[in-house]
Each structure stands twice: as C-alpha cells, then as structure tokens.
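Participant: Provided below are the primary sequence and the corresponding predicted coordinates.
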Amino acid sequence: IFAAVEMAPRDPILGLNEAFNADARDTKVNLGVGVYFDDNGKIPLLAAVKAAEDMRVKASLPRGYQPIEGNPAYNTAVQNLLFGKDSELLAAGRVITAQAIGGTGALNIGADYLKRLNPDAKVYISNPSWENHRALFEAAGFIVEDYAYYDAATRGVNFAGMKADLNKMTPGSVVLLHACCHNPTGADMSDAQWAEVVGICQERGLVPFLDMAYQGFADGIDADAVAIRAFSASGLQFFASSSFSKNFSLYGERVGALSVVTASKEESARVMSQVKRVIRTNYSNPPIHGGALVAAVLASTELRAQWEAELAGMRDRIRAMRGGLVDAIKATGCAQDFSFVTQQRGMFSYTGLTAAQVERMKEEFGIYAVSTGRICLAALNSKNIDYVAKAVAAVTK
Ligand code: PMP
C-alpha cells in the first residue's frame, strides 16, 4: 500500500534545525527557530509557571477527561487577555472560546469549522506569512491566496497594496491577519491602519481571522491586543486564534485557544455547539496540564504579577538584542544601515539578507537563518551577538 508514496518536502525550519544540530563548530548559532531563549541560550521555565506547577503536583489531581471545549477557567482567562476583562462583548456573551492544542490547533479547528460554514470561501493570507498558515487552510480544503503586505523597499507594510487587495475580495472571503508581531517580517500596522482594515472588512463583508501568537512580545499585553480590540469595537463577527507557547514559554505543552465573536449570546450557543463537533471528531478534548498552569497563574494576583514581569523581561531582552545587533553591525564599519531592525516588532526580523548571503553565513560562520533572511532576535545573546554582527558585515560587504 505504500509502494508509490512520495517523500513529502521537508519543513524548511525544522530541516534547518537538523543541519544545525549536525554542525560540529562550537561557535554555531541557530537564528532559524521561532523560540525565545534567555541570555544563556536556554528556553526559560518561567518562575510563575513553576510555582503553579509545584502546586498542581502537590495536589495530585485525578486525570479525568476535560469538557470538549477545555478548561472553563482557562477559557475565561484567555478571553480576558484578548478582549480585556471589561469587554462589552464578553459581558454580552458574544464570545466563545475553546481551549486548543497550541495556536496551530486553534487555527486548525477554526479552518475546519469555517469549511463547514462556508465551503466555497476563499482564504487570504499576507505575503509573506507564517508558512503553516497556507498549509493549514489548504489542508482544510480551501483555496488560499495572498494579499500584499510586506514592502521590501521601506521594510514596512505596503498598506496601499494591502488595501487594494482587500478591496478586491468577494464578500465572505476569510482574511487571516497577524494581530501583532508579524511573522516573518516584524512589520506591524499602526493603530490607524488597523482602523482602516476594520472598515474595509466591514464594507466588503469579509470574515476576519486574527492570529495572535505573540501577545506581550511587542509593547505589552493590552497594547498588543489593539487589533482584537479594534475589531471588537466594530460590531463585526470574527475569529481569533491565540497561543501561550511564546508568552508563557510553554511550547511543548501545546496551549492555545480559538475564540469566535458572534452577534449574540444565542448565536454563541449555536456556534459553540458546532465548534465542539469539530473538536470531538478531531481529538475529543484537550489535554489538562498546560491549560491548568496558565489558568492558575492568571487567577492568582501574585503569580499574574510575576508572569507580567517575566514577560516584560523577555520583551525587553529582545528589544535590547535589536538595538545591540544594530550597534554591533555598525561598530564593524559595515556600510549598510541596519537601524530598521529596531523598528520591527516581536521575535523576528526580515533582515533583507539574500538567500546567497544566508548560505554564506551558514557555510563560513555556522550561523543558521531562514533563506528568506528571517532571523529570530530571541536567539541572540551577549555571547553571540558580536559574532553574528561580524558575519552579517562580512556577507554584506
Ligand atoms: N501563528 C503564528 C504566526 C506563529 O508564528 C506560530 C508559532 N510559530 C503559531 C501561530 C503557532 O503557535 P503554536 O506553537 O502555539 O502552535
């Protein structure tokens, strides 16, 4: 039965990890993966998470099934973070939230549900986008197209191009938007631009799907929710996927959520019943542990304050690495100005390095980046930043 099976293409980023692991140079640096490392190059276990975990371990709780939509305390905590605890939508019962297997799982449930709801809709993602966006929506059976987003000349958002593309979409089209910290470019829209996007979605009857994988990594928890809040104020119905992989450093625990904003409490009940059907036939109900940790941290005044401080620490360190990289490249005497790196937000920078330059970084320096020139700033630290800066200067000469 498998004789004719073809080899599937390798995941470009995971493939990079394999090559990195096989590299014997002790100066090697992996700027490819989208993971936050601390200054010692380690994935942090947040103290707030550890405290919540210690309490859970001590309590020795039974491991019954969760409800299909997951832990209610967790789902409420997600809603408060995304929409704000004083949100009118929440008070009106217009938001449903289901715990999901990471942000990826949330996108997957959302895509499967949308396919049942509106099978002929087209799905649009930004050009460029996180690679898995296209794959996820295509796997759900949709035709996926791009809308203009990144402007290589300004290293910002090609907002005129984006608006022109949004204005061409037919009603009912699904528009996937990065709520903050755009992956891979680090180029985000301004508040005023978000307001315009909301207006176009409203005028054209588009279905917004906001993907929020990095809340708190740009400016702060509420500041980074600007897009969710702008869509919430518009009265539109929309989807939002979210993830605690990055901001709780819980990658492998797979903790995310799908939220859907509906027109009324009564509509919410019907939509939730359908989302639950999608989950039930997929993995039945989500795992307990990661969601319970997040719920415990967010329910405790002390642990929440500790988490916010730790999150701010991660955000500040990434920002320091942005500034540090720009300065270190400048200090090499490099003619090219990289100051745009400090304007980009979140974990990534589109450096403008060509595929050939990225290849030289790998061959000559053992520094691994995505061939598009995307680097993860959170993989830089006080020990490797000068080495990376020298390599960038060398390959751009
Ligand atoms: N959306 C975007 C834009 C991402 O960058 C990521 C993670 N790289 C995800 C979703 C998925 O997050 P998770 O790891 O929680 O599945």
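Facilitator: All right, it came through fine.

Participant: Now the element after the helix or strand that contains V358, going C-ward?
Facilitator: Assigned by DSSP states H and E, V358 belongs to helix 355-360. Later in the chain than helix 355-360, the nearest helix or strand by DSSP H and E is strand 367-368.

Participant: helices or strands next to that following strand in the packing?
Facilitator: The contact analysis (3 or more CB pairs under 8 Å, 6 or more residues apart in numbering; DSSP states H and E) places strand 367-368 against helix 12-22, strand 29-30, helix 385-395. (C-beta placed from N, C-alpha, C; glycine too.)

Participant: Sheet partners, orientation included, of that strand?
Facilitator: Its sheet considered, strand 367-368 pairs with strand 29-30 (parallel) by DSSP bridges.

Participant: For Q344, give me its contacts.
Facilitator: By CB atoms under 8 Å, 6 or more residues apart in numbering, the contact set of Q344 is 155, 185-187, 322, 350.

Participant: Wait, R317 touches D38, no?
Facilitator: Yes: applying CB atoms under 8 Å, one finds R317 in contact with D38, separated by 7.4 Å.

Participant: which one of those two has more residues nearby?
Facilitator: Taking other CB atoms under 10 Å, R317 and D38 do not tie; R317 has more neighbours (20 against 14).

Participant: Now the more buried one: closest residue in space, sequence neighbours ignored.
Facilitator: Closest residue in space to R317, ignoring its immediate chain neighbours: D39 at 6.8 Å, by CB to CB, 6 or more residues apart in numbering.

Participant: now F239
Facilitator: F209 is the one closest to F239 (CB to CB, 6+ apart), at 4.3 Å.

Participant: secondary structure class for the one you found?
Facilitator: strand (DSSP: H, G, I helix; E, B strand; the rest coil).

Participant: Quick one: neighbours of it, just the number.
Facilitator: Neighbours of F209 under the rule other CB under 10 Å: 25.

Participant: if we can go back for a sec, which member of the contacts of Q344 is positioned nearest L16?
Facilitator: Lowest distance from L16 to those (CB to CB) belongs to Y350, with 16.2 Å.

Participant: hmm, back to that, torsion angles phi and psi at the residue nearest to R317?
Facilitator: Note on D39: backbone dihedrals following degrees, to the nearest 10 are phi -70, psi -20.

Participant: how much space between it and N285?
Facilitator: D39 is 38 Å from N285, where distance means CB to CB, to the nearest Å.

Participant: So the two - more neighbours on which side?
Facilitator: Neighbour count, other CB under 10 Å: between D39 and N285, N285 has more, with 18 against 13.

Participant: which residues touch the lowest-mean-pLDDT helix or strand in the chain?
Facilitator: When each helix and strand of the chain is scored by mean pLDDT, DSSP states H and E, helix 12-22 comes last, with a mean of 87. Here helix 12-22 makes contact (CB under 8 Å, 6+ apart) with 28, 30, 32-34, 131, 362, 368, 370-371.

Participant: now, the most widely separated pair of the residues you listed?
Facilitator: Pairwise distances among those were taken by CB to CB; the largest, 23.4 Å, belongs to K28 and E131.

Participant: neighbour-wise, which of the contacts of helix 12-22 leads?
Facilitator: Once you tally neighbours by other CB under 10 Å, G32 ends up highest among the contacts of helix 12-22, having 25 neighbours.

Participant: hang on, isn't it packed against V370?
Facilitator: Yes: in this structure, G32 is within contact of V370 by CB under 8 Å, at 5.5 Å.

Participant: Quick check: residues of this structure near the ligand?
Facilitator: Contacts of the chain with the ligand, taken as CB under 6 Å from any ligand atom, map to 34, 102-104, 130, 178, 183, 211, 213, 243, 245, 256.
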